[in-house]
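Engineer: Predicted model and sequence follow; I will ask about them next.
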Amino acid sequence: MLRQLAHRLVALPWVYDLVQTLAGTQSVDRRIAAQVGRAARRVVVDVGGGTGQRGQLFADGGLYVCLDLDAQKLRGWRLRGRTGRALLADATRCPFASATVDLVLLTAVAHHLATEQLERALAEIARVLGPQGLLLLAEPTWVPWHPLGRLLWHFDRGAHPRSAETLGALVRRDFEIVHEERWTPLHRVVFYVARPRAPAPSC
Ligand SMILES: C[S@@+](CC[C@H](N)C(=O)[O-])C[C@H]1O[C@@H](n2cnc3c(N)ncnc32)[C@H](O)[C@@H]1O
(Lines give C-alpha, C1' and ligand atoms only; values in the text may rest on other atoms or scores of the structure.)
Protein backbone atom coordinates (compact mmCIF):
# COMPACT_ATOMS: atom_id res chain seq x y z
CA MET A 1 0.00 0.00 0.00
CA LEU A 2 2.69 2.49 1.14
CA ARG A 3 4.89 1.16 -1.60
CA GLN A 4 2.19 1.66 -4.28
CA LEU A 5 1.58 5.21 -3.07
CA ALA A 6 5.32 5.95 -3.24
CA HIS A 7 5.44 4.57 -6.81
CA ARG A 8 2.47 6.75 -7.88
CA LEU A 9 3.99 9.85 -6.37
CA VAL A 10 7.41 9.28 -7.92
CA ALA A 11 5.78 8.82 -11.35
CA LEU A 12 4.97 12.58 -11.31
CA PRO A 13 7.83 14.24 -13.21
CA TRP A 14 8.47 17.01 -10.62
CA VAL A 15 8.46 14.59 -7.65
CA TYR A 16 10.70 12.30 -9.67
CA ASP A 17 13.23 15.11 -10.32
CA LEU A 18 13.23 15.99 -6.60
CA VAL A 19 13.84 12.37 -5.60
CA GLN A 20 16.69 12.06 -8.11
CA THR A 21 18.29 15.20 -6.68
CA LEU A 22 17.98 13.89 -3.11
CA ALA A 23 19.39 10.53 -4.22
CA GLY A 24 22.65 12.24 -5.20
CA THR A 25 22.25 12.82 -8.92
CA GLN A 26 24.74 15.72 -8.70
CA SER A 27 27.52 13.38 -7.61
CA VAL A 28 26.89 11.39 -10.80
CA ASP A 29 26.71 14.61 -12.86
CA ARG A 30 30.14 15.65 -11.58
CA ARG A 31 31.66 12.33 -12.59
CA ILE A 32 30.02 12.46 -16.02
CA ALA A 33 31.23 16.04 -16.56
CA ALA A 34 34.78 14.95 -15.66
CA GLN A 35 34.69 12.19 -18.31
CA VAL A 36 32.97 13.80 -21.30
CA GLY A 37 36.29 15.10 -22.66
CA ARG A 38 37.27 11.46 -23.35
CA ALA A 39 34.67 11.14 -26.12
CA ALA A 40 33.42 13.07 -29.11
CA ARG A 41 30.01 14.57 -28.27
CA ARG A 42 28.29 15.02 -31.59
CA VAL A 43 25.55 12.60 -30.56
CA VAL A 44 24.96 11.80 -26.89
CA VAL A 45 22.18 9.35 -26.01
CA ASP A 46 20.89 9.19 -22.45
CA VAL A 47 19.36 5.69 -22.41
CA GLY A 48 16.54 5.57 -19.84
CA GLY A 49 17.11 9.30 -19.47
CA GLY A 50 13.82 9.90 -17.61
CA THR A 51 12.93 13.60 -17.71
CA GLY A 52 16.19 14.53 -19.45
CA GLN A 53 17.72 16.37 -16.49
CA ARG A 54 21.21 15.44 -17.73
CA GLY A 55 20.76 17.35 -20.99
CA GLN A 56 21.97 20.46 -19.19
CA LEU A 57 25.48 18.94 -19.12
CA PHE A 58 25.49 18.97 -22.94
CA ALA A 59 23.81 22.32 -23.61
CA ASP A 60 26.95 23.81 -25.19
CA GLY A 61 27.11 21.67 -28.32
CA GLY A 62 26.22 18.37 -29.97
CA LEU A 63 22.88 16.63 -29.92
CA TYR A 64 21.56 15.29 -26.60
CA VAL A 65 18.88 12.60 -27.02
CA CYS A 66 16.82 11.50 -24.01
CA LEU A 67 15.63 7.95 -24.85
CA ASP A 68 13.01 6.51 -22.52
CA LEU A 69 10.20 3.98 -22.51
CA ASP A 70 7.94 6.08 -20.29
CA ALA A 71 5.86 8.68 -22.14
CA GLN A 72 4.99 10.46 -18.88
CA LYS A 73 8.67 11.10 -18.13
CA LEU A 74 9.24 12.41 -21.65
CA ARG A 75 6.22 14.72 -21.23
CA GLY A 76 8.05 16.09 -18.18
CA TRP A 77 11.03 16.69 -20.46
CA ARG A 78 8.85 18.62 -22.96
CA LEU A 79 7.08 20.68 -20.27
CA ARG A 80 10.40 21.91 -18.96
CA GLY A 81 11.62 22.83 -22.46
CA ARG A 82 14.81 20.88 -21.85
CA THR A 83 17.84 20.65 -24.13
CA GLY A 84 17.99 18.22 -27.09
CA ARG A 85 15.44 15.67 -28.28
CA ALA A 86 13.13 13.23 -26.52
CA LEU A 87 12.77 9.75 -28.00
CA LEU A 88 10.17 7.18 -26.91
CA ALA A 89 11.99 3.87 -27.37
CA ASP A 90 13.12 0.69 -25.64
CA ALA A 91 16.75 0.36 -24.55
CA THR A 92 16.77 -3.20 -25.90
CA ARG A 93 16.04 -1.91 -29.43
CA CYS A 94 17.88 1.38 -29.86
CA PRO A 95 16.62 3.07 -33.06
CA PHE A 96 20.07 4.19 -34.29
CA ALA A 97 22.31 2.87 -37.02
CA SER A 98 25.50 1.11 -35.91
CA ALA A 99 28.44 3.30 -34.83
CA THR A 100 26.50 6.57 -35.09
CA VAL A 101 26.52 7.58 -31.41
CA ASP A 102 29.56 9.03 -29.60
CA LEU A 103 28.54 8.81 -25.97
CA VAL A 104 25.87 6.83 -24.10
CA LEU A 105 24.76 7.53 -20.54
CA LEU A 106 23.09 4.66 -18.67
CA THR A 107 22.40 5.90 -15.16
CA ALA A 108 20.12 4.23 -12.63
CA VAL A 109 18.52 2.13 -15.38
CA ALA A 110 20.07 -1.35 -15.08
CA HIS A 111 18.00 -2.25 -11.99
CA HIS A 112 14.83 -1.71 -14.06
CA LEU A 113 15.92 -4.42 -16.50
CA ALA A 114 15.85 -8.18 -16.04
CA THR A 115 19.18 -9.80 -16.82
CA GLU A 116 18.21 -10.82 -20.36
CA GLN A 117 16.94 -7.30 -21.11
CA LEU A 118 20.07 -5.73 -19.65
CA GLU A 119 22.27 -8.02 -21.78
CA ARG A 120 20.30 -6.98 -24.88
CA ALA A 121 20.44 -3.29 -23.94
CA LEU A 122 24.22 -3.42 -23.39
CA ALA A 123 24.73 -5.23 -26.72
CA GLU A 124 22.58 -2.57 -28.44
CA ILE A 125 24.55 0.23 -26.79
CA ALA A 126 27.84 -1.34 -27.92
CA ARG A 127 26.44 -1.62 -31.46
CA VAL A 128 25.27 2.01 -31.75
CA LEU A 129 28.48 3.32 -30.17
CA GLY A 130 30.90 1.47 -32.41
CA PRO A 131 34.55 1.01 -31.41
CA GLN A 132 35.28 4.72 -30.82
CA GLY A 133 32.30 5.37 -28.55
CA LEU A 134 32.12 5.59 -24.78
CA LEU A 135 29.60 4.35 -22.22
CA LEU A 136 29.23 6.10 -18.87
CA LEU A 137 27.23 3.87 -16.55
CA ALA A 138 26.22 4.75 -12.99
CA GLU A 139 24.12 2.41 -10.91
CA PRO A 140 23.06 1.93 -7.29
CA THR A 141 24.08 -1.55 -6.18
CA TRP A 142 22.80 -4.22 -3.83
CA VAL A 143 24.88 -4.43 -0.66
CA PRO A 144 23.35 -6.90 1.85
CA TRP A 145 25.03 -5.31 4.91
CA HIS A 146 23.90 -1.72 4.11
CA PRO A 147 20.58 -1.11 6.02
CA LEU A 148 19.75 2.23 4.34
CA GLY A 149 20.35 0.69 0.92
CA ARG A 150 18.04 -2.23 1.77
CA LEU A 151 15.30 0.19 2.84
CA LEU A 152 15.66 2.23 -0.36
CA TRP A 153 15.49 -0.91 -2.49
CA HIS A 154 12.25 -1.84 -0.74
CA PHE A 155 10.56 1.29 -2.19
CA ASP A 156 12.34 1.31 -5.54
CA ARG A 157 10.33 0.56 -8.69
CA GLY A 158 13.31 -1.28 -10.14
CA ALA A 159 12.95 -4.98 -9.38
CA HIS A 160 16.50 -6.05 -10.30
CA PRO A 161 19.09 -4.70 -7.88
CA ARG A 162 22.52 -6.27 -8.46
CA SER A 163 25.84 -6.33 -6.66
CA ALA A 164 28.71 -4.39 -8.25
CA GLU A 165 30.35 -7.74 -9.10
CA THR A 166 27.29 -9.06 -10.97
CA LEU A 167 26.80 -5.78 -12.81
CA GLY A 168 30.49 -5.54 -13.71
CA ALA A 169 30.44 -9.06 -15.15
CA LEU A 170 27.42 -8.20 -17.35
CA VAL A 171 29.04 -5.00 -18.60
CA ARG A 172 32.32 -6.80 -19.42
CA ARG A 173 30.55 -9.10 -21.92
CA ASP A 174 30.42 -6.23 -24.43
CA PHE A 175 32.70 -3.58 -22.93
CA GLU A 176 36.12 -3.03 -21.50
CA ILE A 177 35.83 -1.02 -18.28
CA VAL A 178 38.61 1.59 -18.41
CA HIS A 179 37.74 3.48 -15.23
CA GLU A 180 35.70 2.65 -12.14
CA GLU A 181 34.57 4.57 -9.05
CA ARG A 182 32.42 3.62 -6.06
CA TRP A 183 30.89 5.91 -3.47
CA THR A 184 27.94 6.02 -1.07
CA PRO A 185 25.68 9.11 -1.19
CA LEU A 186 22.71 7.00 0.09
CA HIS A 187 23.02 3.83 -1.93
CA ARG A 188 26.40 2.30 -2.77
CA VAL A 189 26.88 3.60 -6.34
CA VAL A 190 29.25 2.28 -9.02
CA PHE A 191 30.37 4.36 -11.97
CA TYR A 192 31.96 2.76 -15.02
CA VAL A 193 33.64 4.37 -18.00
CA ALA A 194 33.63 1.67 -20.68
CA ARG A 195 34.63 1.16 -24.31
CA PRO A 196 32.88 -1.36 -26.58
CA ARG A 197 34.94 -4.48 -27.21
CA ALA A 198 35.96 -5.01 -30.80
CA PRO A 199 33.63 -7.61 -32.38
CA ALA A 200 35.22 -11.06 -32.74
CA PRO A 201 36.51 -11.55 -36.29
CA SER A 202 34.10 -13.65 -38.36
CA CYS A 203 35.59 -16.62 -40.21
C1 LIG B 1 15.50 5.57 -12.05
S2 LIG B 1 15.15 6.22 -13.62
C3 LIG B 1 16.73 6.94 -14.08
C4 LIG B 1 16.59 8.15 -14.95
C5 LIG B 1 17.89 8.86 -15.31
N6 LIG B 1 18.73 8.00 -16.11
C7 LIG B 1 18.62 9.37 -14.10
O8 LIG B 1 19.72 8.92 -13.82
O9 LIG B 1 18.09 10.26 -13.41
C10 LIG B 1 15.06 4.81 -14.71
C11 LIG B 1 14.55 5.17 -16.08
O12 LIG B 1 14.73 4.07 -16.95
C13 LIG B 1 13.60 4.02 -17.80
N14 LIG B 1 13.52 2.66 -18.41
C15 LIG B 1 13.24 1.50 -17.78
N16 LIG B 1 13.26 0.47 -18.66
C17 LIG B 1 13.57 0.99 -19.87
C18 LIG B 1 13.74 0.46 -21.16
N19 LIG B 1 13.60 -0.86 -21.42
N20 LIG B 1 14.04 1.30 -22.19
C21 LIG B 1 14.18 2.63 -21.96
N22 LIG B 1 14.04 3.20 -20.75
C23 LIG B 1 13.73 2.40 -19.71
C24 LIG B 1 12.44 4.38 -16.90
O25 LIG B 1 11.30 4.77 -17.63
C26 LIG B 1 13.06 5.51 -16.10
O27 LIG B 1 12.87 6.76 -16.68
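Structural biologist: Structure's in. What do you need? Residues are numbered from 1 along each chain as shown.

Engineer: Buried residues, stretch 158-169. List them.
Structural biologist: By neighbour count on 16 or more other Cβ atoms under 10 Å, the buried set for stretch 158-169 is 161, 162, 164, 167, 168. For the C-beta atoms, the positions are set from N, CA and C on the backbone; glycine is no exception.

Engineer: what about it, start to end distance?
Structural biologist: 19 Å (Cα to Cα, to the nearest Å).

Engineer: Now do that stretch: everything it contacts.
Structural biologist: Stretch 158-169 has contacts (Cβ atoms under 8 Å, 6 or more residues apart in numbering) with 108, 110-115, 118, 139-143, 153, 170, 177, 180, 182, 188, 190, 192.

Engineer: Helix, strand, or coil at the closest residue to residue 176 other than its chain neighbours?
Structural biologist: Nearest in space to residue 176, with sequence neighbours left out and distances taken as Cβ to Cβ, 6 or more residues apart in numbering, is residue 195 at 5.2 Å. Using DSSP: H, G, I helix; E, B strand; the rest coil, the structure places residue 195 in strand.

Engineer: per-residue pLDDT, residue 195?
Structural biologist: Predicted confidence (pLDDT) for residue 195: 97.

Engineer: just residue 77 next, same as before
Structural biologist: Predicted confidence (pLDDT) for residue 77: 79.

Engineer: Run a quick neighbour tally on the nearest residue to it once chain neighbours are set aside.
Structural biologist: If the residues on either side of it in the chain are set aside, residue 77 comes closest to residue 52, at 3.9 Å by Cβ to Cβ, 6+ apart. By the criterion of other Cβ atoms under 10 Å, residue 52 has 26 neighbours.

Engineer: for residue 52, what are its contacts?
Structural biologist: By Cβ under 8 Å, 6+ apart, the contact set of residue 52 is 46, 64, 66, 74, 76, 77, 80, 82, 83, 84, 86.

Engineer: Please repeat the previous calculation with a cut-off of 7 Å.
Structural biologist: 46, 66, 77, 82, 84, 86 (Cβ atoms under 7 Å, 6 or more residues apart in numbering).

Engineer: Kindly report the same for residue 86.
Structural biologist: Contacts of residue 86 (Cβ under 7 Å, 6+ apart): 52, 66, 74, 77, 78.
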